[in-house]
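Student: Below: sequence and its predicted model.
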Amino acid sequence: MEKEVWRRVAPTLNPWPGADAVGKALRDGVKADGMVLASDTVRTPENVSDTLPVEANAGSLPGAEPDPCCMGTEAENDTAVITGFVEDEQAEKRQLQALARQSPLWARQTLLTLAGRAAGRARRLIAAYYLITGETYIPAICAERIYVGKWCPALRERYHGAACTAMNYERAADGTPDPCLGELFRALSADAFECAGTVTRILERSLVG
C-alpha cells in the first residue's frame, strides 16, 4: 500500500533504496553492502568436533585403552609362565587319557573327566594369553605314544602332577602384579587341587580293593 502511494506522489523515487539490490543479491547469491548471507557462516573444525557424539572418540571406548587395568602391561612378564602352564596342562591331559585307556572300567569315565578339566584349564590360560598380548598361543603337538606302566604307581604320579601344578599356580598368583591374572591362577590352583583329590579317591579304592 505504501509503495503504491509513493508511486503516485513521486514516481521517480525509490521508497526503499537498495531493496532491489538486496533482492537481486539474494537471487544471485551475491552479498550486497552490509549484508550477511547464510553461506557466510562457516563451521570451523572446533565447531564440528563439538557436535560429534562421544562414541566417535575411540580412545574413550572400553577396551580401547592402551594400558588396561587388568591383563595389560603388568602381566606381560608372566606370558612365559602362562605358556609353560599351558604345555603342562596339555601334557597332563594326554597322561590322563592314556591312563583311562588302561584303567579298570569303573575308573575310566572319571579319568576322562579329569583329562577334560586339564584341557579346560589350558583353554583358560590361552584366553588370558590373548587378552594380554592380542595373539593366539598354539600349544605344541605331541604325537608320541605314552606308556603308563603299573596302575597304582601311575595314579601316584598323576596325583603328584596335579598337586604340584596346583602349588605352582599359587606361587604364580603371589608373584604376579596383575590382580586379574592372580585371581585366574588361584582359581586354576583350586581346580587342580580338586583333581588331585579325585585321583586320591581312585587310588584309595584301588589299594583297598
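Tutor: Yep, that arrived.

Student: Can you pull out the low-pLDDT segments for the chain?
Tutor: Scanning the chain for pLDDT under 70 picks out the ranges 1-68, 209.

Student: now do 50
Tutor: 2-3, 5-6, 8-10, 13, 16, 22, 25-26, 32, 35-64 (pLDDT under 50).

Student: Give the full set of residues in contact with Leu131.
Tutor: Met71 (Cβ atoms under 8 Å, 6 or more residues apart in numbering). Backbone N, C-alpha and C define where each C-beta goes, glycine included.

Student: so it is in which element?
Tutor: Here Leu131 sits within helix 105-133, counting by DSSP states H and E.

Student: Show me which positions of that helix end up buried.
Tutor: 107, 110-112, 114-115, 117-119, 121-122, 124-126, 128-129, 131-132 (16 or more other Cβ atoms under 10 Å).

Student: How is the protein partitioned into domains?
Tutor: Domain ranges of the chain: 2-40, 73-208, per automatic domain parsing.

Student: most packed of those domains?
Tutor: Mean neighbour count (mean count of other Cβ atoms under 10 Å) peaks for domain 73-208 among those, with a mean of 17.

Student: so how far is the first residue of that one from its last?
Tutor: One end of domain 73-208 to the other measures 51 Å (Cα to Cα, to the nearest Å).

Student: for stretch 143-152, same thing?
Tutor: Using Cα to Cα, first and last residues of stretch 143-152 are 25 Å apart.

Student: try stretch 172-179
Tutor: End-to-end distance of stretch 172-179: 12 Å, with Cα to Cα as the criterion.

Student: how about the CA coordinates for stretch 101-121, as CSV?
Tutor: The C-alpha trace of stretch 101-121 is given here as CSV (Å, rounded to 0.1, in the frame of the first residue of the first chain):
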residue,chain,number,x,y,z
ARG,A,101,42.6,-96.4,28.2
GLN,A,102,44.4,-98.8,30.6
SER,A,103,42.2,-98.3,33.7
PRO,A,104,39.5,-100.5,35.2
LEU,A,105,36.1,-99.9,33.7
TRP,A,106,34.8,-98.2,36.9
ALA,A,107,37.5,-95.5,36.8
ARG,A,108,37.6,-94.8,33.1
GLN,A,109,35.0,-92.1,32.8
THR,A,110,36.3,-90.3,35.9
LEU,A,111,39.8,-90.1,34.4
LEU,A,112,38.4,-88.9,31.1
THR,A,113,36.6,-86.2,33.0
LEU,A,114,39.9,-85.2,34.7
ALA,A,115,41.5,-85.0,31.3
GLY,A,116,38.8,-82.7,30.2
ARG,A,117,39.3,-80.4,33.2
ALA,A,118,43.1,-80.2,32.4
ALA,A,119,42.2,-79.2,28.8
GLY,A,120,39.7,-76.6,30.2
ARG,A,121,42.5,-75.1,32.4
